[in-house]
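> sequence and computational prediction follow.
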Amino acid sequence: MLEKDSLVKVIAEAGNGEDLVQMVKQLKPDVVLTDMIMPGAPPCIALSTFNNEHMVVEAMEAGAMGYIIKNAEKGEIAAALKTVYDGYPYYCKSTTAKVTRLLVQSPFNPYARVPLPVFTEREREIIKLICQEKTSDEISKILCIGVRTIESDRAKILEKMNVKTSAGVVFYAIKNFLYRLE
């Protein structure tokens, strides 16, 4: 499946953790995509059959740069690989507010040393609505602003937060006290 994506080249597959470590040392891949039971190698994306909140937290605390479930949407694994390769954390689209709540309670915080950027009042409102799982269309209607303006503001928010997905926005917002779960 990944070979079909011209930007992704699979250079090896390992059947167990010992083989994985050896292959990483020998081949020095840009990114490792591994099952949860494989030992991590930075940067690493945890791959699991389970969408269990505690496993996501454990993977992140163990140093994984991302977490994705095996039955992810078409193209999501390639997107995760590209995102992690670019140096950003990646959380699968099925990550929910419940997962984010558990992450917030954990000591893991990839943004701990990054100074908090300044957000405009409108950006703060959009962040709040993203955290409430609102789409750009819904945000547009709530704030009486055009969809293109909302999309532009969302892009600015992602850039300021240094994240790639809505789940990243939620995680960042909660960790940095821009949004509180009720």
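Ah, there it is.

> would you mind pulling up the elements that the longest helix seen in the chain packs against?
As assigned by DSSP state H, the longest helix anywhere in the chain is helix 147-161. In terms of contacts (3 or more Cβ pairs under 8 Å, 6 or more residues apart in numbering; DSSP states H and E), helix 147-161 is packed against helix 121-131, helix 136-143, helix 166-175. Heads up, the C-betas are built off the backbone N, CA and C, glycines and all.

> one more time with 6 Å, if that's ok
helix 121-131, helix 136-143 (3 or more Cβ pairs under 6 Å, 6 or more residues apart in numbering; DSSP states H and E).

> can you pull out the low-pLDDT segments for this structure?
For the chain, applying pLDDT under 70 flags the ranges 1-3, 5-6, 35-42, 61-62, 95-116, 182.

> and the residue of it positioned farthest from its centre, how far is that from Arg122?
Relative to the centre of the chain, the most outlying C-alpha is that of Cys144, 29.3 Å out, by Cα atoms, centre = their mean. Per Cβ to Cβ, to the nearest Å, Cys144 is found 11 Å from Arg122.

> picking that back up, can you pull the contacts of the residue farthest from the centre of the chain?
By Cβ atoms under 6 Å, 6 or more residues apart in numbering, the contact list for Cys144 is empty.

> quick revisit: for the helices and strands packed on helix 147-161, which one sits closest to Tyr179?
Closest approach to Tyr179 among the helices and strands packed on helix 147-161 is made by helix 121-131 (4.3 Å; Cβ to Cβ).

> could I get the buried residue list for that closest one?
123, 125-127, 129-131 (16 or more other Cβ atoms under 10 Å).

> output it in CSV with nothing but the alpha carbons.
C-alpha atoms of helix 121-131 as CSV (Å, rounded to 0.1, in the frame of the first residue of the first chain):
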residue,chain,number,x,y,z
GLU,A,121,-9.4,36.8,19.9
ARG,A,122,-10.9,35.3,16.7
GLU,A,123,-8.2,32.6,16.6
ARG,A,124,-8.9,31.7,20.3
GLU,A,125,-12.6,31.4,19.4
ILE,A,126,-11.8,29.1,16.4
ILE,A,127,-9.4,27.0,18.6
LYS,A,128,-12.3,26.6,21.1
LEU,A,129,-14.6,25.5,18.3
ILE,A,130,-12.0,23.1,16.9
CYS,A,131,-11.7,21.6,20.4
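
> angle of that helix against helix 136-143?
Compare the direction of helix 121-131 with that of helix 136-143 by axes from the mean of the first three to the mean of the last three Cα atoms, to 10 degrees and you get 130 degrees.

> all the strands of this structure, in order from the start?
32-35, 44-48, 66-69, 90-91 (DSSP state E).

> could the ones you listed go into JSON lines alongside mean neighbour count and distance to Ala12?
Below are the strands of the chain laid out as JSON lines (neighbours: other Cβ atoms under 10 Å; distance: least, Cβ to Cβ, whole Å):
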{"stretch": "strand 32-35", "mean neighbour count": "20", "distance to Ala12": "10"}
{"stretch": "strand 44-48", "mean neighbour count": "22", "distance to Ala12": "15"}
{"stretch": "strand 66-69", "mean neighbour count": "25", "distance to Ala12": "19"}
{"stretch": "strand 90-91", "mean neighbour count": "26", "distance to Ala12": "21"}
